[in-house]
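Asks: Next comes the sequence, and after it the predicted model I'd like to discuss.
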Amino acid sequence: MPVARNRVRRVIKIAQELGSQPEVWLEAAALAGEAADRLPDRGERVAVVGCGTSLYVAQAAASWRERDGGGETDAFPASEMPAGRRYNRYVAITRSGTTTEVLEAMQRTAGPWLLLTADARQPASLHAAATIALPFADEESVVQTRFATACLALWRAHLGHDVAGVAEEGRRAVEAGLPASARSAGQFVFIGRGPAAAIASEAALKLREAAGCWTEAYPSMELRHGPISGVGPDTLVWSLDELDPELADDVRATGASVESGSLDPMAELVRVQRVAVELAQARGLDPDRPKHLARSVILAPH
């Protein structure tokens, strides 16, 4: 019985964390104004690195910055950061500030490094020329929700996006209905274009981590180039932004269900996170602490 009570408490905790995102986004947007001198200047050549969820945040951030004319921006897994490529600014994203691959990337590249983290007291801050801490976005759950999207809200506010409007859509996402087919789907395919393609990868990761689902993610227009052959009546294809009508027709022709995002991709991700928690509960899993996962990947020294 104590185990059951703990499980319920943890599920409520992650639900609270993901439900708090709209207000956290507003706090991150305010922080962007205070930290503007630490964030990349327009025209700078920038590299952004992260691992897991933070990698997909890096990819979305890079896509938004380039799309908005902020300057050339590349995103890499921290373990794959090219040693010989030079940038005006490097950005490391790590919730814990302890992830081994991020620390190694910062150590082998001269920088200057900007660190986005939830805890500025951890080792990553020692390798950064500047740090922006978001402790208000930290989480008890191993599975990330609000820290990741808070970093994006900070970044987007610096680019001039209407984060207040995104937060309002996020509030709607916290209460909005969920796809009926999500409860019975055997396969989830998340898609999107531009920044939404990176957020689609994060959506797939959330269901995979928290609920053990079979998930895939692709840029929307890549779906026809092979992956569509693997979808069918057991599949939910969920676009994190508005889906091209012809592509939607092609997907429906396979027998798959289709969900086309009508909200900002960050708000649409909130709906996916809610599905992940709901499915985890239905399967008797603990979405806060999935098997084989830890809050930070810390490797033994080589």
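Replies: Arrived safely, thanks for sending. Numbers count the residues shown, from 1 in each chain.
Asks: can we go C-alpha only for contacts and neighbour counts from here?
Replies: Fine.
Asks: For Tyr90, give me phi and psi.
Replies: Phi and psi for Tyr90, reported as degrees, to the nearest 10, are phi -120, psi 140.
Asks: Read off the pLDDT value for it.
Replies: Listed pLDDT for Tyr90 reads 98.
Asks: does it have beta-bridge partners, and which?
Replies: Beta bridges link Tyr90 to Ala47, Trp113, judged by DSSP bridges.
Asks: So which residues of the stretch 1-150 of the chain form helices?
Replies: 2-19, 21-34, 53-67, 100-108, 146-158 (DSSP state H, counting those that start in this stretch).
Asks: of these, which approaches Val272 most closely?
Replies: Nearest to Val272, of all these, is helix 2-19, at 10.4 Å by C-alpha to C-alpha.
Asks: is it possible to export the helices of the stretch 1-150 of the chain to JSON lines including distance to Gly194?
Replies: Formatted as JSON lines, the helices of the stretch 1-150 of the chain follow (distance: least, C-alpha to C-alpha, whole Å):
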{"stretch": "helix 2-19", "distance to Gly194": "23"}
{"stretch": "helix 21-34", "distance to Gly194": "21"}
{"stretch": "helix 53-67", "distance to Gly194": "6"}
{"stretch": "helix 100-108", "distance to Gly194": "25"}
{"stretch": "helix 146-158", "distance to Gly194": "14"}
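Asks: Redo the ones you listed as a markdown table? Include mean neighbour count.
Replies: As requested, the helices of the stretch 1-150 of the chain are exported to a markdown table (neighbours: other C-alpha atoms under 10 Å):
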| stretch | mean neighbour count |
| --- | --- |
| helix 2-19 | 16 |
| helix 21-34 | 21 |
| helix 53-67 | 24 |
| helix 100-108 | 19 |
| helix 146-158 | 25 |
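Asks: Tell me which of these approaches Leu207 most closely.
Replies: helix 53-67 (12.2 Å).
Asks: And that closest one, what does it pack against?
Replies: Secondary structure elements in contact with helix 53-67, counted by 3 or more C-alpha pairs under 8 Å, 6 or more residues apart in numbering; DSSP states H and E, are strand 46-50, strand 73-77, strand 89-93, helix 146-158, helix 195-211.
Asks: how far off strand 89-93 does that helix point, in degrees?
Replies: 140 degrees (axes from the mean of the first three to the mean of the last three C-alpha atoms, to 10 degrees).
Asks: what's the angle from helix 53-67 to helix 195-211?
Replies: 170 degrees.
Asks: is it fair to say Val237 lies in a strand?
Replies: Yes - the assignment for Val237 is a strand, going by DSSP: H, G, I helix; E, B strand; the rest coil.
Asks: Much appreciated, bye for now.
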